[in-house]
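In: sequence and computational prediction follow.
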Amino acid sequence: GTQIRLRMGDSQADVDGASAPYDSGAVDFIDPAITDEDGLYHSHLRLPSTETRQWWRIDITGHTGTFEASMLVLGKSIQPSRFYNLDYEYGADDLGDGSFTPHLIFDETPGEILRTIDFTLDWQTRAEFESYFRPIAERLGRRGIVYCCFNPAYGVYRQAQTYMGVLDKPPFARGKRKPETFGQEFKILSFI
């Protein structure tokens with residue numbers, strides 16, 4: 001029954017009252033109500049168009065118990081004009097280590113296991129590359145945080161197809177046989 005309402009405006013009065021230039025209205029926070037094994041979930045609220053406002057307010061209603069949110073992502077959304085290549089890979093990267101000693105005792109170095117996705121976006125146009133993907137590569141490098149949802153439509157796999165983390169592989173653009181067309185390989189190490 002938890003709902004979220006986002007209001008955006010140009011002043012505090014805009015977002016505190018009923019006259020906000022953007023008001024999502026109350027929408028279901030988790031829809032569908034699907035969680036991971038750890039009981040955590042991602043919620044998405046994608047706006048129909050870009051809003052350039054200085055003030056925002058989020059109201060959470062209808063929630064039972066303590067409401068906790070570890071992260072909030074606000075920003076510009078981009079979507080490539082073509083689907084990623086068929087050779088994408090889902091996986092996990094173990095930041096710990098383990099090996100056997102000479103006496104067959106397993107020696108473990110604890111560490112987190114991060115979900116990964118490795119994919120290629122071929123056939124980017126020059127405009128798409130220069131407007132979206134070059135700025136991402138130059139702004140994020142291998143340290144900046146990226147948030148990607150590979151299927152934002154409501155469904156049972158949306159949680160598993162949402163990644164937030166760092167680019168493990170620098171996304172260099174490679175020219176393709178077709179002039180003014182590029183391809184980039186991406187690998188995301190996700191901490192959610």
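Out: Looks like it arrived, so ask away.

In: please report how far residue 134 lies from residue 109.
Out: Distance, residue 134 to residue 109, using C-beta to C-beta, to the nearest Å: 38 Å. For every residue, glycine as well, the C-beta is placed using N, CA and C.

In: who has more neighbours, those two?
Out: Neighbour tally, residue 134 and residue 109, criterion other C-beta atoms under 10 Å: the higher count belongs to residue 134, 16 against 10.

In: for the helix or strand encompassing that one, name the packing helices and strands.
Out: Of the helices and strands defined by DSSP states H and E, residue 134 is found in helix 134-140. Contacts defined by 3 or more C-beta pairs under 8 Å, 6 or more residues apart in numbering; DSSP states H and E place helix 134-140 against strand 162-167.

In: where does this protein dip in pLDDT?
Out: 31-40, 152-155 (pLDDT under 70).

In: all helices in it, in order from the N-terminus.
Out: Taking DSSP state H as the test, the helices found in the chain are 12-16, 126-128, 134-140.

In: residue farthest from the centroid of the chain?
Out: Most distant from the centre of the chain: residue 103, at 44.5 Å, with distances by C-alpha atoms, centre = their mean.
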